[in-house]
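>>> following is a predicted model, sequence given first.
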Amino acid sequence: MHSTIVRGQNVFGFFTTVCFAVAALIAASDLLAPRTPRATVAANAVQVVKGRPHYYSTKKEEYAIIRFTMNADFSSLFTWNTKQVFVYVSASWPNSTSSELTNEAVIWDTIITNPSADHLQNIGPAAMKKGRIDLKNVKPKYQITAPSGKLQETDDVVLKVHYNVQPWVGILTWTPQIEFGKWKKLKGGMSKAFKIPAIKKKDTPKKA
Amino acid sequence: MAVSQERISVHSLADLKNTTDDALPTYLNSLGFKQSHTLTDTRLALGYSAFAICSATFYWDYKFGFENTKQYTTIAVIIYTILNSILTFWIWGVEKGTVYIGTSKTTGEKIQIQSKTEKHVPKYCLTVTTTDKNGRKKRKIVKKEFKDWFDAKGHFHTKPFQRMLAGSVDAIGRADPKNAVKEGEKEKVVVEDKRSMDEKWASLLAESAGVEENGASTATPSKGGKKRGKKA
Amino acid sequence: MLSTLQNPRQAAAQLLNFGLILSTAFMMWKGLSVLADSPSPIVVVLSGSMEPAFQRGDLLFLWNRNFFEETKVGEIVVYNVKGKDIPIVHRLVRKFGVGDDAKLLTKGDNNVADDTELYARGQDYIERKDIIGSVVAYIPFVGYVTILLSEHPWLKTVMLGIMGLVVVLQRE
């Protein structure tokens, strides 16, 4: 039937097509914007305390509190299609059996919203908004533990800085492992290896 | 029936084309052509096989879950894609809008008719390929306006449609000499015919309804009058 | 156009057209499923626990294969918890070990605490097999209609009514 309904359907169909085409173009424009982030991170004082996973638990676990210093510039990640950048610092350490970094836990994170998305939530100081982070000897947001409950005297622990770019529409991207077009790898972003000390002894990290 | 009971929207090109496409086989079969359904049957077989595979996939996915059946689902998706590609090729590459294939029982001529319309142009485009007994092929393109056999209200008129076909395709004309009025002659008839449009429709209606069997010449005023009398 | 249905081939062809629209939609969904190796490669965000990254109604595309590397910390994953129907979209914050036995912990960006409370009784970590995919692409808001439909059941009735009306009107 060549009626109002058909016309309505056609208009709606065309509208949807246009919307998706525009969205695809916006998503593709990400590839044109160069990404040249850099970061330095270093562990400061590391402390291990004993605690319970929750109030009623009888199990005692070791918790590592890793204070750290970080300086980073993620300003190149902000384009018109960036909704937010999720920045996180993780601690990684190998198993007793291998040298691979098989364990990883986030010790600190932050959400840097694009200035155009700030009405959603205002997190962090204004200085962060442009993607520059300068933290000196700060406390971690999360104390970490391991399933075994043992963490003291772990060797070869490293801190790594990662980011996750959340677009308004399109592909989500994480810290790239390889260079991809105009997207460079994160410059720096890994600390020197350090050792988690024995319990209740404040210690500055030494080279492992 | 000379005039369809149903009405279609004359603003819809698809409706005009579909209604005309549907009328074509009825007319040609009545002229003693034997219709071949091979193309349609192949299309239906391909389509329903694909649909059967989809139904089976739906059943085992619903019954046994995704993880347990994903190998079968993968195979089914591949087969479905292949079948659908063949189907698409069949429709666009082989059928190419074929609405009729038939062989004349009397002359042995084979006739294939493909129809199409261009966007926003209210014309019916036919590609008629006739193959005679000796295998000689002849191709003719016929382009006619839909308004020739649809009235403003959207009723389909059989007579002018049959005339259009019989008049422009020789093979059909030979099978239906009564309607085989060539372009020029038809023009002449119209000029001679001083009757009003209503009278003409009435006469056409009567004619195609089979009231008159022997009338080779289509319209003279007296005959038209007679028919009107009969109808009244 | 009921008269056209008198011809069985034509009726079969019309039925087929309708059937193929449905089956192609279904097979595309299944194709995407086997490609991404996920029972549900496209999901709609139902909660605000990942705000401001994802709002309710946003559409997420999932990928559940590990071609180059394992699912790692920082990825946003969709996982199922035993005994709960609704999958959860949260970020992976801890991973201990490698392979299928790795112990994984998740947390919503907008939540203060990690997800231990959301897991089944006595479960402290999830495993790789609980995950139905990692989020790889995002379209905002498009899925909101499904939320509306599930939260306001009367809308379904209204939509069915409108569809029925359209069918009746189109017959003329």
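Happy to help now that I have it.
>>> close to chain A, is the longest helix along chain C?
For chain C, the helix with the greatest residue count under DSSP state H is helix C:8-36. No: judged by Cβ under 8 Å from any Cβ of the partner chain, helix C:8-36 stays clear of chain A, getting no closer than 13.8 Å. Placement of C-beta: from N, CA and C, glycine included.
>>> that helix packs against which elements?
The contact analysis (3 or more Cβ pairs under 8 Å, 6 or more residues apart in numbering or on different chains; DSSP states H and E) places helix C:8-36 against helix B:38-64, helix B:66-89, strand C:59-63.
>>> enumerate the positions of the longest one that are buried.
What that stands for is helix B:38-64. Of the residues in helix B:38-64, B:39-40, B:43-44, B:46-48, B:50-51, B:53-54, B:57-58, B:61 count as buried by neighbour count, 16 or more other Cβ atoms under 10 Å in any protein chain shown.
>>> which residue is the nearest non-sequential neighbour of C:Gly143?
Take C:Gly143 and drop its neighbours on the chain: the residue closest to it by Cβ to Cβ, 6 or more residues apart in numbering or on different chains is C:Val44, 3.3 Å away.
>>> any chance of the helices and strands packed on helix C:8-36 in a markdown table, with mean pLDDT too?
As requested, the helices and strands packed on helix C:8-36 are exported to a markdown table (pLDDT from 0 to 100):
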| stretch | mean pLDDT |
| --- | --- |
| helix B:38-64 | 96 |
| helix B:66-89 | 97 |
| strand C:59-63 | 97 |
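>>> and of those, who's closest to B:Ala180?
helix B:38-64 (27.1 Å; Cβ to Cβ).
>>> close to chain C, is that closest one?
Yes: Helix B:38-64 is in contact with chain C by Cβ under 8 Å from any Cβ, via B:40-41, B:43-44, B:47-48, B:50-51, B:54-55, B:57-58, B:61.
>>> you'd agree C:Met159 is in a helix?
Yes: counting by DSSP: H, G, I helix; E, B strand; the rest coil, C:Met159 is located in a helix.
>>> that one: what's it in contact with?
C:Met159 sits next to C:Leu149 when contact means Cβ atoms under 8 Å, 6 or more residues apart in numbering or on different chains.
>>> same thing but at 7 Å, please
C:Met159 makes contact with no residue, according to Cβ atoms under 7 Å, 6 or more residues apart in numbering or on different chains.
>>> and chain B, what are its domains?
Per automatic domain parsing, the structural domains of chain B span B:13-32+B:105-211, B:40-95.
>>> tell me how chain C divides into domains.
Following the assignment in automatic domain parsing, chain C carries domains at C:1-36, C:42-141, C:143-172.
>>> minimum distance to A:Gln47: which of these has it?
Each of those has some distance to A:Gln47 by Cβ to Cβ; the shortest is domain C:42-141, at 19.1 Å.
>>> in this structure A:Val46 contacts A:Glu62, no?
No: contact status for A:Val46 versus A:Glu62: not in contact, 11.9 Å apart, counting by Cβ atoms under 7 Å.
>>> stretch C:82-90 near chain A anywhere?
No: applying Cβ under 7 Å from any Cβ of the partner chain, one finds stretch C:82-90 separated from chain A by no less than 12.0 Å.
>>> what is the neighbour count of the residue in chain B that chain A sits nearest to?
Nearest to chain A in chain B, going by Cβ to the nearest Cβ, is B:Ser12, at a distance of 3.1 Å. Using other Cβ atoms under 10 Å in any protein chain shown, B:Ser12 has 16 neighbouring residues.
>>> equivalent analysis for B:Ser30, please.
Neighbours of B:Ser30 under the rule other Cβ under 10 Å: 11.
>>> next, give phi and psi for it.
Main-chain dihedrals, B:Ser30, degrees, to the nearest 10: phi -70, psi -20.
>>> what distance do you get for it to B:Gly102?
Distance, B:Ser30 to B:Gly102, using Cβ to Cβ, to the nearest Å: 11 Å.
>>> same question, B:Val94
17 Å.
>>> who has more neighbours out of those two?
Set side by side, B:Val94 and B:Gly102 show more neighbours around B:Gly102, with 21 against 12, by other Cβ under 10 Å.
>>> hang on, the more buried one packs against B:Phe33?
Yes: counting by Cβ under 7 Å, B:Phe33 is a contact partner of B:Gly102 at 3.6 Å.
>>> what do the two both touch?
Joint contacts of B:Gly102 and B:Phe33 (Cβ under 7 Å, 6+ apart) are B:Ile111.
>>> which SSE is residue 165 in?
You didn't pick a chain, so chain A it is. For A:Val165, the host element (DSSP states H and E) is strand A:158-167.
>>> ah, no, chain C please
Per DSSP H and E: C:Leu165 is located in helix C:153-171.
>>> what about stretch C:93-113, near chain B?
No: Stretch C:93-113 stays clear of chain B (Cβ under 7 Å from any Cβ), getting no nearer than 14.0 Å.
>>> show me what contacts B:Leu39?
By Cβ under 7 Å, 6+ apart, B:Leu39 lies in contact with B:94-95, B:98, B:101.
>>> neighbour-wise, give me the winner out of those.
For those, the largest number of neighbours (other Cβ under 10 Å) sits with B:Ile101, at 22 neighbours.
>>> can you tell me the closest non-neighbouring residue to the residue most central in space within chain C?
Closest to where the C-alpha atoms of chain C average out (Cα atoms, centre = their mean) is C:Val43, at 2.6 Å. Spatial nearest neighbour of C:Val43, chain neighbours left out: C:Leu60 (5.2 Å); criterion: Cβ to Cβ, 6+ apart.
>>> the one you found: how many residues sit nearby?
A total of 23 residues lie near C:Leu60 under the criterion other Cβ under 10 Å.
>>> that one and C:Val77, how far apart?
Going from C:Leu60 to C:Val77 by Cβ to Cβ gives 11 Å.
>>> how near is C:Ile76 to B:Ile141?
Using Cβ to Cβ, we find C:Ile76 at a distance of 59 Å from B:Ile141.
>>> compare the two (neighbour count), which wins?
Between C:Ile76 and B:Ile141, counted using other Cβ under 10 Å, the more crowded position is C:Ile76 (26 against 10).
>>> the more buried one reaches C:Ile88, doesn't it?
No: counting by Cβ under 7 Å, C:Ile88 is not a contact partner of C:Ile76; they are 10.7 Å apart.
>>> for the nearest residue to B:Thr74 once chain neighbours are set aside, what are its contacts?
Leaving aside its sequence neighbours, B:Thr74 sits nearest to C:Val34 (Cβ to Cβ, 6+ apart; 4.5 Å). Contact partners of C:Val34, counting by Cβ under 7 Å, 6+ apart, are B:70, B:73-74, B:77.
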